[in-house]
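> model this:
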Amino acid sequence: MILENYVCELPNFFTESEVQKFHTYANTLPVDSGRVGQNTNDDDVDDNIDSNINDSIRRSTVKWFHNDQFSLMHKINEGLNQAKDVCGWKHDYNYIENLQYTIYQEQQNKKGDFYTWHTDAGPELYDNGMHRKLSFTIQLTDPDEYEGGHFQWLEPQNEFNNLTSDLKVDLHNSVRTVPFSSKEKGSMIVFPSFLYHQVTPVLRGTRISLVGWCVGNQYV
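All right, here's what the predicted structure looks like:
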């Protein structure tokens, strides 16, 4: 799907006191390993199964929010609606999955925590016939508290438009990196869930973000 805008950046969307509410609630929650795939942490999912832990794709720790117990869901929905208006997206959604409080840290004598290129939505539908349509991440640490940990995404359409007979594509020209203004604490980034994105290894310090996924009916 070709879009005019692939990512919406809302710098400093949440206040310092609101960011602290995210941390305060997270401090009451247990820690889990970062996993790959669409693990929603629903009660009927066996979280002791390690089949979707893959350190070559992702290394991080996470905590799972219970959205019905958290007071800032209305503010998150405001940000999502603002992003849809700004970018002209028609990606309507029915609900937001449990939020994921994600911690990327430096690691002694090895590569820091990371998440390689991936999308948040695959071809499979949930049992209710819906799938992920919008994803978002909220920055919960100041950018001077860590090095690395860049949020990046791919916009390869211009490269594909210039394909020649040898079919060579340089994806380095397709990588976009979120600017410093949108790395500031409280900033929100919204994007379609089919977009390829990654978090580069954290070289120093700790990067904490809140990640969420909006679920809705299939595209028509």
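> Every contact and neighbour count from this point should use C-alpha atoms.
Fine.
> can you point me to the longest strand in this structure?
Counting residues, the longest strand found in the chain (DSSP state E) is strand 202-216.
> what about dumping the CA coordinates of it to CSV?
C-alpha atoms of strand 202-216 as CSV (Å, rounded to 0.1, in the frame of the first residue of the first chain):
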residue,chain,number,x,y,z
VAL,A,202,21.2,0.4,22.6
LEU,A,203,24.8,1.3,23.0
ARG,A,204,24.6,3.1,26.4
GLY,A,205,22.0,3.5,29.0
THR,A,206,18.3,2.5,28.9
ARG,A,207,15.6,3.3,26.5
ILE,A,208,12.0,2.8,27.7
SER,A,209,8.9,3.2,25.5
LEU,A,210,5.2,2.2,25.6
VAL,A,211,4.0,0.3,22.5
GLY,A,212,0.5,-0.4,21.4
TRP,A,213,-1.5,-1.8,18.5
CYS,A,214,-4.9,-0.8,17.3
VAL,A,215,-7.1,-3.7,16.0
GLY,A,216,-9.9,-3.3,13.4
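> start the count at 860, not 1, going forward
All set: I'll call the first residue 860, so the last point we hit is now strand 1061-1075.
> That one: partners in the sheet, and parallel or antiparallel?
Sheet pairing of strand 1061-1075 (DSSP bridges) gives strand 954-955 (antiparallel), strand 959-964 (antiparallel), strand 990-998 (antiparallel), strand 1005-1007 (antiparallel).
> Now do the first one: everything it contacts.
By that I understand strand 954-955. Gly1071, Trp1072, Cys1073, Val1074, Gly1075 (Cα atoms under 8 Å, 6 or more residues apart in numbering).
> Most neighbours out of those, which is it?
Within those, Trp1072 tops the neighbour count with 27 neighbours, counted by other Cα atoms under 10 Å.
> wait, that residue sits on Lys992?
Yes - between Trp1072 and Lys992 a contact is recorded at 7.4 Å, counting by Cα atoms under 8 Å.
> Find the residues that touch each one of these two.
In contact with both Trp1072 and Lys992: Ser1052, using Cα under 8 Å, 6+ apart.
> what bridges to the closest residue to Val1037 other than its chain neighbours?
Distances taken as Cα to Cα, 6 or more residues apart in numbering put Phe1010 closest to Val1037, at 5.8 Å, once the chain neighbours are dropped. According to DSSP bridges, the residues that bridge with Phe1010 are Val1058.
> for Phe1010, what are its contacts?
Residues near Phe1010 by Cα under 8 Å, 6+ apart: Thr1036, Val1037, His1056, Gln1057, Val1058, Thr1059.
> Give me the residue ranges of the protein where confidence is low.
897-910 (pLDDT under 70).
> In contact with the nearest residue to Val1074 once chain neighbours are set aside, which residues?
In space, and not counting its chain neighbours, Val1074 is closest to Arg991: 4.3 Å by Cα to Cα, 6+ apart. The contact partners of Arg991, by Cα under 8 Å, 6+ apart, come to Asp979, Ala980, Ser1052, Trp1072, Cys1073, Val1074, Gly1075.
> does the second one sit in a helix, a strand or a coil?
In other words, Ala980. Using DSSP: H, G, I helix; E, B strand; the rest coil, the secondary structure recorded for Ala980 is coil.
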